[in-house]
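Engineer: one predicted model, sequence on top.
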Amino acid sequence: MAKLDPRGRKIKILATLGPASRSPEMIEKLLRAGADAFRVNMSHGDHATHAQTIAAIREVEKAVGRPVAVLCDLQGPKLRVGQFKDGKAVIRHSGHFTLDRDPAPGDETRVCLPHGELFGILRKGQRLLIDDGKLRLKVIEADESRILCSAEVGGVISDRKGVNVPDAVVPVPALTEKDRRDLAFALEQGADWIALSFVQRPEDVAEARKLMGGSQTALMAKIEKPAAVERLEEIIELADGIMVARGDLGVELNPEEVPPLQKRIVATTRRSGKPVVVATQMLESMIESPAPTRAEVSDVANAVYDGADAVMLSAETASGAWPVEAVTIMHRIAAQVESDPGYAERVHFTVVRPEATTASALAQASAAIAEAMTVAGIIVFTGSGSTARRVARERPRVPVLVLTPSQKIARRQALLWGVHAVPTKDIGSFEEMIAKGKRMALRQGFGTAGSKLVALAGVPFGTPGSTNLLHVVTLSGDELNKHDG
């Protein structure tokens, strides 16, 4: 099986796997079309199926010779109404409707809300959104036993439809019992990233982190609740990455509020040096159509111009009719935007200042050298991945080749902007670092004989967080055939 070359684009593509795409053959096709990482949605399917999917990813990863990230996305605490006598009912527009704690089947006047934690916290004037916002209720009065509402937007309501509460912090645990089982499973399966759904506060991230123990698996907080936006910087500090989950965010906020908020979340996360993923409905029409709408193309392009680390496909690849085409189109849009002469200027609209550390200053310097000189790329030697994140934060003009002795760290880089990671044996000296860096750069297509590269590493070697060395090297053709120890 032919190996995969570096992508030639900076932003990464995260594709969701499902019934339409989880076979080894389809996973390989998606990788070759442009996918860099795969999302396993724990809201659907069982552990046996997910285990087969992850095993298939690893099988294809080995064959194509490139580290591939696996992100397991936890379902989170989804609120739902109970059941109805006839399976559904009609809530009259402007009429009254009650949510109560009575388990009896509902009708057009009431239904059970089997979430006791909501009673007593809701106040007059707050909203309840049902079925992704298709029905909108406003609280008239609420106590420990019932919530009387007026229907601002009525319509058909059916069994177990989801409930969003945008105006209150809901006192539910960040992880349900199902989430805890799914988290343990994902860690056993060697997932590279865990996505935490419906984060409301920093404590939610801390709780998940505690359950993960000392795992090297990275934790991504999904921003899909207005309450999370209010404490965004605290959440970013505790997480390893952020996802702009525009589905529920778009339900709980007015539609016009989401685009500027997306830009704010992307910019704030970028300043931290942690990866940020833009997700949901990016090429939604391609679930059924082989071509996207012009608006969808503009949406993807906008995320690329903003400098997001990755863009995500959901149902387009999980259950859609055109999964490979969706990845191909997303790859083409990203490559086209990144070839725009104005791209570099726009991606630097977000001003990123280095921390007061040697590693951050050298990362900034490497990007400045790449801007000032004709340089083919930046080589980063890292054990923990932190130097790679610092360099990627600068959004350098040239690609970044990350060399790491850890396969786990190499896989995590699959969601990091501009990075091509290669697992390789550790180095023990400066001379070995330079020689290996040159060999790997030539083998991975980072320049040709005579090309210059910027190398970043830490001395003493093998000590995490010790980046203190920057060196400009020139490639020569005879290094390509040397033995790689």
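Structural biologist: All right, it came through fine.
Engineer: reduced to three states, what does the most centrally placed residue in the chain come out as?
Structural biologist: The centre of the chain sits closest to residue 277, judged by CA atoms, centre = their mean, with a distance of 3.9 Å. Judged by DSSP: H, G, I helix; E, B strand; the rest coil, the three-state class of residue 277 is strand.
Engineer: where in the stretch 201-350 of the chain is pLDDT low?
Structural biologist: By pLDDT under 70, the stretch 201-350 of the chain contains no weakly predicted segment.
Engineer: ranges for the helices of it?
Structural biologist: 202-212, 226-230, 232-238, 246-252, 258-272, 294-305, 315-318, 323-338, 343-347 (DSSP state H, counting those that start in this stretch).
Engineer: could you say which of those helices is packed most deeply?
Structural biologist: helix 315-318 (a mean of 26; mean count of other CB atoms under 10 Å). C-betas here are computed from N, CA, C, even on glycine.
Engineer: what distance separates it from the centre of its chain?
Structural biologist: 15 Å (CA atoms, centre = their mean, to the nearest Å).
Engineer: residues touching it, excluding its own?
Structural biologist: Contact partners of helix 315-318, identified using CB atoms under 8 Å, 6 or more residues apart in numbering, comprise 15-21, 30, 35, 41, 282-284, 286-287, 322-323, 326-327.
Engineer: related to what we said a few turns ago, which of the helices of the stretch 201-350 of the chain sits closest to residue 444?
Structural biologist: For the helices of the stretch 201-350 of the chain, proximity to residue 444 was assessed by CB to CB; helix 323-338 is nearest, at 18.5 Å.
Engineer: tell me which residues form a beta bridge with residue 311?
Structural biologist: Beta-bridge partners for residue 311, by DSSP bridges, are residue 13, residue 278.
Engineer: what number of residues lie near it?
Structural biologist: For residue 311, the tally of surrounding residues (other CB atoms under 10 Å) stands at 23.
Engineer: can you pull the contacts of it?
Structural biologist: By CB under 8 Å, 6+ apart, the residues touching residue 311 are 11-14, 277-279, 282, 300, 303-304, 330, 334.
Engineer: mind putting those into a markdown table with distance to residue 87?
Structural biologist: Putting the contacts of residue 311 into a markdown table (distance: CB to CB, whole Å) gives the following:
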| residue | distance to residue 87 |
| --- | --- |
| 11 | 44 |
| 12 | 43 |
| 13 | 39 |
| 14 | 36 |
| 277 | 37 |
| 278 | 37 |
| 279 | 32 |
| 282 | 33 |
| 300 | 38 |
| 303 | 39 |
| 304 | 44 |
| 330 | 38 |
| 334 | 44 |
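Engineer: what about residue 176, how many residues nearby?
Structural biologist: A count of nearby residues for residue 176, using other CB under 10 Å, gives 17.
Engineer: with adjacent residues omitted, what lies nearest to it?
Structural biologist: The spatial neighbour of residue 176 that comes closest, neighbours along the chain excluded (CB to CB, 6 or more residues apart in numbering), is residue 77 at 5.3 Å.
Engineer: how near is that neighbour to residue 203?
Structural biologist: 14 Å (CB to CB, to the nearest Å).
Engineer: overlap of the contact sets of these two?
Structural biologist: Common neighbours of residue 77 and residue 203 (CB under 8 Å, 6+ apart) are residue 174.
Engineer: sorry, back to before: may I ask which two of the contacts of residue 311 are separated the most?
Structural biologist: Put simply, by CB to CB the two of the contacts of residue 311 set farthest apart are 279 and 334, 14.9 Å from each other.
Engineer: hmm, back to that, closest one to residue 6 among the helices of the stretch 201-350 of the chain?
Structural biologist: Comparison of those against residue 6 by CB to CB identifies helix 323-338 as nearest, at 12.4 Å.
Engineer: which outside residues touch the closest one?
Structural biologist: Applying CB under 8 Å, 6+ apart, the contact partners of helix 323-338 are 7-11, 13, 15, 20-21, 26, 29-30, 33-35, 282-283, 286, 290-292, 297, 300-301, 304-305, 311, 313, 316-317, 320, 343.
Engineer: give me the angle between it and helix 294-305.
Structural biologist: 60 degrees (axes from the mean of the first three to the mean of the last three CA atoms, to 10 degrees).
Engineer: ok so, going back, list only those of the contacts of helix 323-338 flagged as buried.
Structural biologist: 7, 9-11, 13, 15, 20-21, 26, 29-30, 33-35, 282-283, 286, 292, 297, 300-301, 304-305, 311, 313, 316-317, 320, 343 (16 or more other CB atoms under 10 Å).
Engineer: would you confirm that the residue nearest to the centre of the chain contacts residue 218?
Structural biologist: No: applying CB atoms under 8 Å, one finds residue 277 not in contact with residue 218, separated by 11.9 Å.
Engineer: now for the two: what residues contact both?
Structural biologist: With CB under 8 Å, 6+ apart as the test, residue 277 and residue 218 both reach residue 241.
Engineer: how many other residues sit next to residue 197?
Structural biologist: 24.
Engineer: any idea how far residue 150 is from it?
Structural biologist: Distance of residue 197 to residue 150, given as CB to CB: 30 Å.
Engineer: next: residue 311.
Structural biologist: Going from residue 311 to residue 150 by CB to CB gives 39 Å.
Engineer: now swap in residue 452 and tell me
Structural biologist: For residue 452, the distance to residue 150 equals 68 Å [CB to CB].
Engineer: kindly report the same for residue 321.
Structural biologist: Taking CB to CB, one finds residue 321 at 41 Å from residue 150.
Engineer: toward the C-terminus, what is the element adjacent to whichever helix in the chain runs longest?
Structural biologist: For the chain, the helix with the greatest residue count under DSSP state H is helix 47-64. Downstream of helix 47-64, the next assigned helix or strand under DSSP states H and E is strand 69-73.
Engineer: return the residues in contact with the spatially closest residue to residue 161 that is not a sequence neighbour.
Structural biologist: Leaving aside its chain neighbours, residue 161 sits nearest to residue 131 (4.4 Å; criterion: CB to CB, 6+ apart). By CB under 8 Å, 6+ apart, residue 131 lies in contact with 157, 158, 161, 162.
Engineer: looking at residue 435 now. What's its pLDDT?
Structural biologist: The model reports residue 435 with a pLDDT of 89.
Engineer: which helices and strands sit right next to the host helix or strand of it?
Structural biologist: According to DSSP H and E, residue 435 maps onto helix 430-443. Contact partners of helix 430-443 among helices and strands, from 3 or more CB pairs under 8 Å, 6 or more residues apart in numbering; DSSP states H and E: strand 377-381, strand 400-404, strand 452-458, strand 467-474.
Engineer: so what touches the third one?
Structural biologist: Applying CB under 8 Å, 6+ apart, the set of residues contacting strand 452-458 from outside is 359, 362-363, 366, 369-370, 373-381, 387, 391, 427, 433-434, 437-438, 441, 446-447, 465-475.
Engineer: circling back to that earlier point, ok now do the residue nearest to the centre of the chain, which residues does it touch?
Structural biologist: Contacts of residue 277 (CB under 8 Å, 6+ apart): 14, 220, 241, 242, 243, 244, 308, 309, 310, 311, 312, 415.
Engineer: among those, who's most crowded?
Structural biologist: Neighbour tally across the contacts of residue 277 (other CB under 10 Å): the maximum, 31 neighbours, falls on residue 243.
Engineer: surely residue 13 and residue 34 touch.
Structural biologist: Yes: contact status for residue 13 versus residue 34: in contact at 5.4 Å, counting by CB under 8 Å.
Engineer: ignoring the adjacent residues along the chain, who's closest to residue 394?
Structural biologist: residue 367 (3.8 Å).
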